[in-house]
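Asker: Quick one, structure for this:
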Amino acid sequence: MTADFSRREFLSATATVAASAAAGRAMAAASEVPTSDGLPATRIHRVYLAKPVPTWPKPDLDVPAEIRRIEAQLSALAGRMPGIQLEGGELYRVPQDVPSSAAALGNPDGLLVFNLTSTLSSHIERLAATGLPTVLYSQPYSGHDWSSIPEMRKMGHRIICLATSDFSEIQGACQLIRTAHLMRNTRVLYVNTSPFNSQACAGIKERFGAEIVHVSPERVNAVYQQIDDTAARSDAREWTTGALRVIEPSTEEIVNSSRLYLALRRLMNEERAQAVTINCLGLFAQKQLPAYPCLAFCKMNDLGLVGVCEGDVDSTLTQLVFTYAFGIPGYVSDPVIDTSSNTVIHAHCVSATRMDGPSREPAPYIIRSHMEDNKGASLQVKMRIGQVITMAKLIGLDTMLISTGTITANPESDRGCRTQITTKVADARKLLEGYEGGLHRVIFYGDRIRAIRDLAGLMQFKVVEEG
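Answerer: Next comes the predicted model:
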């Protein structure tokens, strides 16, 4: 804090946001959101910048009054940001006073910076050079330092700029900081006969901080046998009661699916994991899995956890990123491209019913068998016609493939997996000719491209638009 900003002014300007942070902590404690269950709160340190003698936006700018106004807006926003703790609130006027390390700032998980005047690029760069994910909120007429942010990004700094009069955009930006933080505190269960590639695990840990934890099918089966039959049958009744109808599966097959769900949840609790992916096709065919996990994954995804089939770690990481950032589940699909109608049909036997998020209404569903062998239980989910979707896949740990489309139909076909949606896309042939990164793509409700581009600036991956 510089000498020309008195202690009285500082206390006055920060009193409101202290209440805001307390409200945020209370909201986080009261919330039982499964995606953040057992994960730490995200600490975001806010910083105000103004040069000693303002010129732009005006020479008589009342800097303390500006801070008080912003603090009041932050206070109003805090209740909508559970799991996020705002702290700090210092004002810096000259570059040499700006902390140059994360430790000097108290090792927060990210920075929220407000430039109140012009000519602050050196201040901002000093903060960005700490390596912390940094959001600059540059309201209109605050200054022109937004123009230096692209160059800072080229230098490798993890910084994005909100150049907007819509103060509520801060909420989404803070959630992106939280996404990067939660990924560093994530554990993924990988169920297979052998562990996931050790070099790949090390790369994931170094790149995102997430840990891949091997779980053998023998351990899954042992826990499966311990699940109370009454609990499994109660869970199965919830599925059948909510269904439009049940076609192929027997009651016992649905009960087995529910028992597997309860076993996987117990394992996730034991391992403090937020996600699980299983080599389901291989293990079930080898009789090393007591049931298909289709219903288990559907329920996990409905609750805000992450369950992904076929041992697909890339799709699991993709879904974690989107679930943390937007509070919505993903639908892993096998795309079917039809260039004649400029559409892509997405088909799979696993889909959440609450594609808008855990607190929203479920879509109608039918309980079906797993299509490829007509065994077990899965869901045929009827997704919303007219819904804009984002199709994404994280590949190579450094590139997010992404595109959008609009759901035009829920095909009824005896070919392909149980849940199917037809999506109108921009250029199906271009998508076909440039396809890479394996078959699977993950589908999410909403157009998320702009937010993912911002997240890429904070987590340092490339975004490539397909099609």
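Asker: Please work out the average pLDDT along stretch 397-410.
Answerer: The pLDDT scores in stretch 397-410 average 97.
Asker: please begin residue numbering at 54 from this point
Answerer: All set: I'll call the first residue 54, so the last point we hit is now stretch 450-463.
Asker: What residues of stretch 445-456 count as buried?
Answerer: Buried residues in stretch 445-456, defined by neighbour count with 16 or more other CB atoms under 10 Å: 445, 446, 447, 448, 452, 453, 454, 455, 456. For every residue, glycine as well, the C-beta is placed using N, CA and C.
Asker: Same list, those, but as CSV with secondary structure and distance to residue 134 please.
Answerer: Below are the buried residues of stretch 445-456 laid out as CSV (DSSP: H, G, I helix; E, B strand; the rest coil; distance: CB to CB, whole Å):
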residue, secondary structure, distance to residue 134
445, strand, 24
446, strand, 29
447, strand, 25
448, strand, 31
452, strand, 29
453, strand, 24
454, strand, 29
455, strand, 25
456, strand, 29
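Asker: Next SSE downstream of the lowest-mean-pLDDT helix or strand in the chain?
Answerer: Least confident helix or strand, the chain: helix 60-83 with a mean of 32, by mean pLDDT, DSSP states H and E. As assigned by DSSP states H and E, the chain's next helix or strand after helix 60-83 is strand 95-102.
Asker: The helix or strand following that next one - contacts with which helices or strands?
Answerer: Next helix or strand after strand 95-102 toward the C-terminus (DSSP H and E): helix 116-131. Judged by 3 or more CB pairs under 8 Å, 6 or more residues apart in numbering; DSSP states H and E, helix 116-131 is in contact with helix 60-83, strand 95-102, strand 137-145, helix 222-236.
Asker: Kindly recompute the last result at 6 Å.
Answerer: Packing partners of helix 116-131 (3 or more CB pairs under 6 Å, 6 or more residues apart in numbering; DSSP states H and E): helix 60-83.
Asker: Not counting sequence-adjacent ones, nearest residue to residue 519?
Answerer: Spatial nearest neighbour of residue 519, excluding adjacent residues (CB to CB, 6 or more residues apart in numbering): residue 456 at 4.3 Å.
Asker: what residues go with each domain of this structure?
Answerer: Listed by automatic domain parsing, the domain ranges of the chain are 60-234, 240-518.
Asker: Next, the distance between the ends of the last one.
Answerer: The one in question is domain 240-518. Distance across domain 240-518, first residue to last, is 29 Å (CA to CA, to the nearest Å).
Asker: same thing with stretch 237-255?
Answerer: End-to-end distance of stretch 237-255 (CA to CA): 13 Å.
Asker: Which residues outside that stretch are in contact with it?
Answerer: 92, 262-268, 273, 325-332, 364, 369 (CB atoms under 6 Å, 6 or more residues apart in numbering).
Asker: from the residues you listed, which would you call buried?
Answerer: 92, 263-266, 268, 273, 326-332, 364, 369.
Asker: Of the residues you listed, which pair is most distant in space?
Answerer: 92 and 332 (26.4 Å; CB to CB).
Asker: can you pull the contacts of residue 474?
Answerer: Counting by CB under 6 Å, 6+ apart, residue 474 has contacts 399, 436, 460, 463.
Asker: Let me know how buried the second one is, in neighbour terms.
Answerer: A count of neighbours around residue 436, defined by other CB atoms under 10 Å, yields 24.
Asker: tell me the secondary structure for it?
Answerer: coil (DSSP: H, G, I helix; E, B strand; the rest coil).
Asker: do residue 495 as well
Answerer: Classification of residue 495 using three-state DSSP returns strand.
Asker: Quick check: chain neighbours aside, which residue is closest to it?
Answerer: residue 383 (4.0 Å).
Asker: For residue 512, grab the count of nearby residues.
Answerer: Using other CB under 10 Å, residue 512 is surrounded by 20 other residues.
Asker: Looks like it contacts residue 234 (just checking).
Answerer: No: in this structure, residue 512 is not within contact of residue 234 by CB atoms under 6 Å, at 10.4 Å.
Asker: Identify each of the strands in the stretch 304-453 of the chain and give its residue range.
Answerer: Along the stretch 304-453 of the chain, counting by DSSP state E, counting those that start in this stretch, strands occupy 328-331, 359-361, 384-391, 396-401, 418-423, 428-434, 441-448, 452-462.
Asker: how about CSV for those, with distance to residue 492 added?
Answerer: Output for those, formatted as CSV (distance: least, CB to CB, whole Å):
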stretch, distance to residue 492
strand 328-331, 15
strand 359-361, 14
strand 384-391, 6
strand 396-401, 11
strand 418-423, 18
strand 428-434, 18
strand 441-448, 10
strand 452-462, 12
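Asker: looking at these, which is closest to residue 312?
Answerer: Proximity to residue 312, assessed across the strands of the stretch 304-453 of the chain by CB to CB, is greatest for strand 428-434 (11.5 Å).
Asker: Partner strands of that closest one, with direction?
Answerer: The pairing partners recorded for strand 428-434 under DSSP bridges are strand 418-423 (antiparallel).
Asker: Show me where this structure dips below the pLDDT cut-off.
Answerer: 54-91 (pLDDT under 70).
Asker: Could you rerun that using 50?
Answerer: Along the chain, the parts satisfying pLDDT under 50 run over 54-90.
Asker: For residue 378, list the residues it contacts.
Answerer: By CB under 6 Å, 6+ apart, the neighbours of residue 378 are 229, 232.
Asker: ok, now with 10 Å
Answerer: Contacts for residue 378 (CB atoms under 10 Å, 6 or more residues apart in numbering) come out as 225, 228-229, 231-233, 235-236, 497, 501, 504-505, 507-508.
Asker: would you turn those residues into JSON lines with distance to residue 390 and neighbour count?
Answerer: Output for the contacts of residue 378, formatted as JSON lines (distance: CB to CB, whole Å; neighbours: other CB atoms under 10 Å):
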{"residue": "225", "distance to residue 390": "32", "neighbour count": "17"}
{"residue": "228", "distance to residue 390": "33", "neighbour count": "22"}
{"residue": "229", "distance to residue 390": "31", "neighbour count": "25"}
{"residue": "231", "distance to residue 390": "35", "neighbour count": "25"}
{"residue": "232", "distance to residue 390": "30", "neighbour count": "22"}
{"residue": "233", "distance to residue 390": "33", "neighbour count": "23"}
{"residue": "235", "distance to residue 390": "34", "neighbour count": "26"}
{"residue": "236", "distance to residue 390": "31", "neighbour count": "20"}
{"residue": "497", "distance to residue 390": "19", "neighbour count": "25"}
{"residue": "501", "distance to residue 390": "21", "neighbour count": "21"}
{"residue": "504", "distance to residue 390": "26", "neighbour count": "20"}
{"residue": "505", "distance to residue 390": "22", "neighbour count": "22"}
{"residue": "507", "distance to residue 390": "29", "neighbour count": "20"}
{"residue": "508", "distance to residue 390": "27", "neighbour count": "27"}
